[in-house]
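Participant: how does the following fold in three dimensions:
(chains A, B, C and D)
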Protein chains: 4
Amino acid sequence: MRGNTFGKLLSITSFGESHGPGIGVVVDGVPGNLDFSLEDLQKELDRRAPGKLKGTTARNEADRAKILSGVFDGKTLGSPIAVFIENTNQRSQDYDKLKQDFRPGHADETTMLKYGIRDHRGGGRSSGRETIARVIGGYFASLVLPKEVNCRAFISKLGPYEFKGVPNNINDDFGKYSFPGSESDDEIGNYLEKLKKDGDSIGGRVRVVVEDCPKGIGEPSFDKLKADLAKAVMSIGAVVSFSYGLGEEMANMSGKEVSQSRDNFGGIEGGISNGRQIVLNLTIKPTTTIGEKAKEGRHDPCIIPRAIPVIESMVKLTLADHYLRQNAYQVSND
Amino acid sequence: MRGNTFGKLLSITSFGESHGPGIGVVVDGVPGNLDFSLEDLQKELDRRAPGKLKGTTARNEADRAKILSGVFDGKTLGSPIAVFIENTNQRSQDYDKLKQDFRPGHADETTMLKYGIRDHRGGGRSSGRETIARVIGGYFASLVLPKEVNCRAFISKLGPYEFKGVPNNINDDFGKYSFPGSESDDEIGNYLEKLKKDGDSIGGRVRVVVEDCPKGIGEPSFDKLKADLAKAVMSIGAVVSFSYGLGEEMANMSGKEVSQSRDNFGGIEGGISNGRQIVLNLTIKPTTTIGEKAKEGRHDPCIIPRAIPVIESMVKLTLADHYLRQNAYQVSND
Amino acid sequence: MRGNTFGKLLSITSFGESHGPGIGVVVDGVPGNLDFSLEDLQKELDRRAPGKLKGTTARNEADRAKILSGVFDGKTLGSPIAVFIENTNQRSQDYDKLKQDFRPGHADETTMLKYGIRDHRGGGRSSGRETIARVIGGYFASLVLPKEVNCRAFISKLGPYEFKGVPNNINDDFGKYSFPGSESDDEIGNYLEKLKKDGDSIGGRVRVVVEDCPKGIGEPSFDKLKADLAKAVMSIGAVVSFSYGLGEEMANMSGKEVSQSRDNFGGIEGGISNGRQIVLNLTIKPTTTIGEKAKEGRHDPCIIPRAIPVIESMVKLTLADHYLRQNAYQVSND
Amino acid sequence: MRGNTFGKLLSITSFGESHGPGIGVVVDGVPGNLDFSLEDLQKELDRRAPGKLKGTTARNEADRAKILSGVFDGKTLGSPIAVFIENTNQRSQDYDKLKQDFRPGHADETTMLKYGIRDHRGGGRSSGRETIARVIGGYFASLVLPKEVNCRAFISKLGPYEFKGVPNNINDDFGKYSFPGSESDDEIGNYLEKLKKDGDSIGGRVRVVVEDCPKGIGEPSFDKLKADLAKAVMSIGAVVSFSYGLGEEMANMSGKEVSQSRDNFGGIEGGISNGRQIVLNLTIKPTTTIGEKAKEGRHDPCIIPRAIPVIESMVKLTLADHYLRQNAYQVSND
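Facilitator: As a prediction, the model looks like this:
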């Protein structure tokens, strides 16, 4: 009830603060006897990890996943899977001066309002490190979903760079910044580097595409697939808008126009998947760490590349949960 | 688990199909001993009812609320409050020809995919009549929330008509189409009338403003206030996008720009309310009932005016639920 | 969160007070396209109804089930099924004198403590009439469970009458008081009649037997089948003890004794069903309506016969819910 | 949904298997700013730990609690509190011969039936080590409950030793076997020692007493306090019966008898606490580890003494959860 658990039949319960011992997650609802690969899990985590890209943070957090339960001999047991990742890189600072440092757009003040206390040494629960738990969950969601389900997110807008529509092959390389076409990598790298020098940051847009989503998932009236997907991605700190299908464009369209193709509805009709391509669009706010602080190595002038695997994970968790929900009711009692 | 219940500490469980006996709701979690007014409840329902506006449907459904439980002598009992509204106006049709009529953007096909059966006489659960349950819930949410909380939704865009920002006084008259400034009523009426004659419809945008929201509500990491508000409104059939604060605009903004005012974050920081004005923006898709069918009296060329109380209700239900959640933890054990 | 919903994947949400318009229930999670028979549902309700037995209440409440949603043309739709039963037989009384009448063992005082208000005209939510909702739920649970599942409850002790063990054929006639062997009916009838004349009542024991329960249901660690069955039946007002298998007898037994047969564990090992016969034993408290009031026609000197279908219903709801839970995880992603 | 989480507003999510890295728990719903003492937590764990008593297991598992999150500078943060305890004492064995060793009354066979896989090296999730998570939860429940709430469990029957009623002062010393009156310690020790030599074990009874429980907690109809307490303790592997107040005795009592004192109803009327002493009675089955294996140091001839803190913890978790639930609805909107 304190909002640290996501999902019903497949759920993740996240714990850990940025300046405590580490970040962990309990993944519950993974069926037994599925193949588990620590290497594959680590690969997903590495996509989220900082320190790899020009213009992104220089931290080198190991973020090595340690399995605490639920897996035995390369197989899931059906029991809850706990994974823990130590915090190895907290910098010691003059924390006392941070006690009253309430940054705009951050949880600093509201955490005090809510709990009457906060760990002023860092973001605590609201730190980006909490998204580690989501990425771990996303890996296990992949194990639960039918193998053909293909979920990819990419940057559709970053500063002056914009990509319209959906690439023909969503498995194509999206470049190291997750922007379609690796040919832009250098340009984007330079753009981000300049932002960092200026102590500034930039927002952007992300598009998510899901192919071969199982048909018939989503639970109207209230747990429509579009509603639960919205919640899933809006629960990520940096996401400030959500739409599906034509989304915001529909504000300017007539019924005759939108009825011309069922593809305009983004794979979801009546809140239920129809098997067509699901398309989501999100807005990511610019980080509000600016000025001198933003020039330090730790900070990203644009967090979207690192948010991509987090967004994919939340989408996959939502789909896998709804897939199990729909599966529950496939009983034949003849 | 079938998605017919919304909310945790204050919840609504909705039931009923458009062509069955009626639509009902069980509201659970309303404290005992609160004043109840059937008249006030009916007023909210009347805002949603069709048949009042030029260019909107000519149906005259009575939609009289009948209280089945939970209220005694003008007071809530603390027990579940069930309210039922009969369907009095289903038209007899040649239903058989509707059996295979799968409309784009509707739940017709996906309902079959999901449940293996559907009531082909109408929208069934996916009918707009289901929103009656939400409006009833919204009324009771108002009883739960502190009296000073003020939640108003209005049309910010409808065809060529657009309103930017927030009116100085959100209690001002929004006109009979819920567009700020009643002086536009005639123009908008004519615009909608013409759409109807053409057998067409139009999408639009809605803005929601909440004043004096209690501070400290919203439950990170996953039940952030912005996430649960997103789910709440995205669970309404016609809503295709959600944003809060500057929302989609942030895609083009730098960190320096957005940091200039904490108002840019729409009253929610770190997923928790900070007591400032909450601002949400939604896109409503145009109805896909077009052509000859749209020219019949039953159908609205723009459903947004009728959606306004539904949207407000979902926002109020979300706020009231989170208000109770936060209240649960205010224990002092000294 | 106010305790009016039972079950997760198959759930019932109950509403209604004894002196309000009626008692209702929303059954959610019944798959679509299952055969529904109003007649069969009514038969279950009639088993619970008063007025049929010597020594039991003379009320003749019609208790006719009215379907409000979720069923069409004799089939379930997959949408929530609401059923309502009017209260037709409330007697007018001098209610004011009941305002401060706090009966021992009843909810009178505690309802005031909890909600700050109560409907003093009768038991309100705590009335036995609330169990109508459970029996309706039990009927739908039967539709969900595999057809071979056989769940029967019977009286194992009522005053001087006691039955040990389990009848060879649990489908045998249990007599009109649900005591094994109809030959005792006259004796028991006379016994109850005498109690009533004395203005007294009596407690007793109930045994529940389930044959052909699906294997592998129950969710350790906390939702063990034995734990959820305990909750299910202990949620019935009159039930004051629960055990499974040898139960209370095990207090006096050695490990060597109990290990002699796996049947001693009542069909549940490690909290999970093993396919063997499930055996539960419950104690029912005597009603505390005694003295002159108990001599009136309305009141039963022993409520156990009428509680039997309620107990069966709660057991079936629990089994059906767990059956769907286990089914949810039967996914093969090869 | 896989049964690894207990509680709603205050919840524990347990993870870990007996032969994996360790046992852990996420406690969610503890308000912020409460005093935390690792020493007090460890004390509770030590009560559950083996190796201290004559006739009980000789293992010396350290069971040192390691805090992973949710606590900072001796205060709770309001964020989820994760605690982990390493498994340090798994014995290496010829595990392969255990693969098909399905013990009666254990989860061995049913785990295979349910998940299609099991960790055959030991009890896995069904091991008694899982109860560590519950004791940790119980410690935090104490922080949440009003300080005056006093919850004590003790052995009321163990072989030939029996204690009737409730001690005048439940804070009195219950002896090292948790049997009232330490004068029996030697006798009981010898009794247990003899059982062990015989390769046998014994069942027994436990009584739980709660003083100064807050009034008005428990949520009828389905989450009655007696129902949720039943579930809580029946979720412990060894517990096979539950009753409250006079419980099983009521089967033989008349309404006139039970109405003589409100104390007969064990502090719960209509499913809601009335502030009087709550009394529960449980039956514990004898362990089915018998014969030569039982003579090894590892095994207890009677697990009840070690179950006592586990039972207290489940009761406290239930009370604290219901206390927060009732508190949630204490809103005044005047």
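Participant: could you use CA atoms for every contact and neighbour count after this?
Facilitator: Fine.
Participant: next, the contact list for the closest residue to A:Ala251 other than its chain neighbours, please.
Facilitator: Sequence neighbours aside, B:Gly204 is the residue nearest to A:Ala251 in space, at 4.0 Å (criterion: Cα to Cα, 6 or more residues apart in numbering or on different chains). By Cα atoms under 8 Å, 6 or more residues apart in numbering or on different chains, the contact set of B:Gly204 is A:250-252, B:155-159, B:283-286, B:304.
Participant: show the pLDDT at B:Gly204.
Facilitator: At B:Gly204, the model reports a pLDDT of 97.
Participant: go on, A:Pro50?
Facilitator: 70.
Participant: does the lengthiest helix in chain A reach chain B?
Facilitator: The longest helix of chain A (DSSP state H) is helix A:304-328. Yes: using Cα under 8 Å from any Cα of the partner chain, helix A:304-328 reaches chain B at A:325-326.
Participant: so what secondary structure elements neighbour that helix?
Facilitator: helix A:38-48, helix A:131-144, strand A:150-158, strand A:204-211, helix A:225-234, helix C:304-328 (3 or more Cα pairs under 8 Å, 6 or more residues apart in numbering or on different chains; DSSP states H and E).
Participant: and those, which is most packed in?
Facilitator: Ranked by mean neighbour count under mean count of other Cα atoms under 10 Å in any protein chain shown, the helices and strands packed on helix A:304-328 are led by helix A:225-234, which reaches a mean of 29.
Participant: the inter-axis angle of it versus helix A:304-328?
Facilitator: 140 degrees (axes from the mean of the first three to the mean of the last three Cα atoms, to 10 degrees).
Participant: now do helix A:225-234: which elements does it pack against?
Facilitator: Helix A:225-234 packs on strand A:239-244, helix A:304-328, helix B:225-234, going by 3+ Cα pairs under 8 Å, 6+ apart.
Participant: and the helices in chain A, which stretches?
Facilitator: Counting by DSSP H, chain A has helices at residues A:38-48, A:108-115, A:131-144, A:185-197, A:225-234, A:255-258, A:292-295, A:304-328.
Participant: looking at these, which is closest to D:Arg118?
Facilitator: In terms of Cα to Cα, the element of the helices of chain A nearest to D:Arg118 is helix A:131-144, at 18.5 Å.
Participant: please see if stretch A:139-146 touches chain C.
Facilitator: Yes: contact of stretch A:139-146 with chain C (Cα under 8 Å from any Cα) involves A:143-146.
Participant: which one of these is nearest C:Val331?
Facilitator: A:Val144 (7.6 Å).
Participant: not counting residues beside it along the chain, what's closest to that closest one?
Facilitator: Leaving aside its chain neighbours, A:Val144 sits nearest to A:Ala320 (6.2 Å; criterion: Cα to Cα, 6+ apart).
Participant: residues near the closest residue to A:Leu68 other than its chain neighbours, how many?
Facilitator: Nearest residue to A:Leu68 in three dimensions, chain neighbours excluded: A:Ala82, at 5.1 Å (Cα to Cα, 6+ apart). When neighbours are counted by other Cα atoms under 10 Å in any protein chain shown, A:Ala82 registers 27.
Participant: got it, and A:Gly266?
Facilitator: Neighbour tally, A:Gly266, other Cα under 10 Å: 25.
Participant: wait, it sits on A:Leu280?
Facilitator: Yes: between A:Gly266 and A:Leu280 there is a contact at 7.3 Å, judged by Cα atoms under 8 Å.
Participant: what touches both of those two?
Facilitator: A:244-245.
Participant: out of the helices and strands packed on helix A:225-234, which is closest to B:Gly32?
Facilitator: Nearest to B:Gly32 among those is helix B:225-234 (25.2 Å), distances taken as Cα to Cα.
Participant: what comes up buried for stretch A:110-121?
Facilitator: Residues A:110-115, A:117-121 are the ones in stretch A:110-121 that count as buried (16 or more other Cα atoms under 10 Å in any protein chain shown).
Participant: show me the contacts for A:Met234.
Facilitator: Contact analysis of A:Met234 by Cα under 8 Å, 6+ apart lists A:240-242, B:226-227, B:230.
Participant: please report the distance of it from B:Asp63.
Facilitator: 35 Å (Cα to Cα, to the nearest Å).
Participant: format the helices and strands packed on helix A:225-234 as a markdown table; extra columns: mean pLDDT and distance to B:Phe6.
Facilitator: Compiled in a markdown table, these are given as follows (pLDDT from 0 to 100; distance: least, Cα to Cα, whole Å):
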| stretch | mean pLDDT | distance to B:Phe6 |
| --- | --- | --- |
| strand A:239-244 | 98 | 20 |
| helix A:304-328 | 97 | 16 |
| helix B:225-234 | 98 | 8 |
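Participant: looking at the ones you listed, which is closest to C:Val258?
Facilitator: Among the helices and strands packed on helix A:225-234, the nearest to C:Val258 by Cα to Cα is helix A:304-328 (36.1 Å).
Participant: against which helices or strands is the helix or strand of chain A at the bottom of the mean pLDDT ranking packed?
Facilitator: Using mean pLDDT, DSSP states H and E, the weakest-scoring helix or strand in chain A turns out to be helix A:292-295, at a mean of 82. Contacts defined by 3+ Cα pairs under 8 Å, 6+ apart place helix A:292-295 against helix A:185-197.
Participant: quick one: the helix it packs on near chain B?
Facilitator: No: figure legend: helix A:185-197 not in contact with chain B (Cα under 8 Å from any Cα); closest approach 9.2 Å.
Participant: for stretch A:228-244, how far is the first residue from the last?
Facilitator: With Cα to Cα, one end of stretch A:228-244 sits 12 Å from the other.
Participant: and that stretch, how far out from the chain's middle?
Facilitator: Distance of stretch A:228-244 from the chain centroid (Cα atoms, centre = their mean, to the nearest Å) equals 9 Å.
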